[in-house]
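Participant: my questions concern the predicted model and sequence given below.
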Amino acid sequence: MALRWSANLILKLRQKPEIAAVVAISGLIVAAVSFGKDVLDLADKAQVQLGLKPDSLQIANEDAKGKFSRELTRSAWRRMFWMRRYGLAVEDGLPTQDRKDTWESYLKVLDEWNADLMVNIMLINKYYGLEKRRFFEQKIQPQFGELHSCINRLHYKEIYEKKNSSTCKFSGQNSEEEIQNAVEFRKRLDSLNIDLYCFVSGLDAKGRFCGHHNQ
């Protein structure tokens with residue numbers, strides 16, 4: 001009787017792989033209770049790979065992984081905050097001193113970001129795997145690089161009036177076009193914000209799963 005029940009169970013699991021996945025993950029979670037955190041991390045990654053949970057950073061964890069995730073998230077949003085603030089200063093025509101102060105604050109967070117970049121990439125790979133690292137390297141970091149070129153062009157207006165060597169292709173550099181460029185800069189920041197939200201939460205603005213599984 002037991003053998004027949006086991007055979008029927010195996011047949012059903014083969015016919016319904018999603019049920020098999022749940023059973024397998026349940027087994028991993030049970031094992032985690034017995035054998036510890038490493039197996040729990042394996043279960044978590046399995047759920048992400050199977051599309052059963054979003055590919056989010058574990059910012060609530062009270063361990064090295066959680067601490068790293070919180071610091072990376074804060075660093076990314078801090079850099080984006082000062083970029084946005086500088087762009088709005090240009091867009092709104094704020095005084096030169098206001099722009100200078102904001103620029104100096106941006107340069108500080110830029111230095112911190114670049115100093116930690118390689119370490120962050122390696123830790124993303126360690127804690128979240130190769131696909132999450134690729135999403136960061138191929139989707140997030142290139143946008144930061146392009147936006148830095150754009151903000152340079154906004155800040156060093158006189159230099160870029162004389163040459164067109166920037167990788168950020170704005171329409172022009174006179175006073176009217178400068179405001180248009182700042183508006184375009186803000187739109188590009190909005191695009192990065194969407195991808196960063198996806199990278200951190202594993203969800204898009206409508207609450208749907210996003211990330212490398214949907215690329």
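Facilitator: Thanks, I have the structure now.
Participant: burial count for the residue lying closest to Phe136 once chain neighbours are set aside?
Facilitator: Leaving aside its sequence neighbours, Phe136 sits nearest to Ile124 (Cβ to Cβ, 6 or more residues apart in numbering; 5.5 Å). In short, each C-beta sits where N, CA and C put it, glycine included. Neighbour count for Ile124, taken as other Cβ atoms under 10 Å: 23.
Participant: where's Ile124, which helix or strand?
Facilitator: Per DSSP states H and E: Ile124 is located in helix 96-128.
Participant: packing partners of that helix?
Facilitator: Applying 3 or more Cβ pairs under 8 Å, 6 or more residues apart in numbering; DSSP states H and E, one finds that helix 96-128 contacts helix 64-91, helix 130-135, helix 141-155.
Participant: buried ones in that helix?
Facilitator: Neighbour counts over helix 96-128 (16 or more other Cβ atoms under 10 Å) mark 99, 102-103, 106, 109-110, 113, 120, 123-125, 127-128 as buried.
Participant: now, which of these sits nearest Asp92?
Facilitator: Arg99 (10.3 Å; Cβ to Cβ).
Participant: so what's the closest residue to that closest one other than its chain neighbours up against?
Facilitator: Distances taken as Cβ to Cβ, 6+ apart put Ala89 closest to Arg99, at 4.9 Å, once the chain neighbours are dropped. With contacts defined as Cβ atoms under 8 Å, 6 or more residues apart in numbering, the neighbours of Ala89 are 98-99, 102.
Participant: on that earlier part again, could you give me the average pLDDT of the helix holding Ile124?
Facilitator: For helix 96-128, the mean pLDDT works out to 97.
Participant: then stretch 198-214?
Facilitator: 83.
Participant: could you do stretch 153-170 as well?
Facilitator: 74.
Participant: okay, now Met83: neighbour count?
Facilitator: By the criterion of other Cβ under 10 Å, Met83 has 25 neighbours.
Participant: was I right about it contacting Leu147?
Facilitator: Yes: between Met83 and Leu147 there is a contact at 6.0 Å, judged by Cβ atoms under 8 Å.
Participant: joint contacts of these two?
Facilitator: Shared contacts of Met83 and Leu147 (Cβ under 8 Å, 6+ apart): Leu189.
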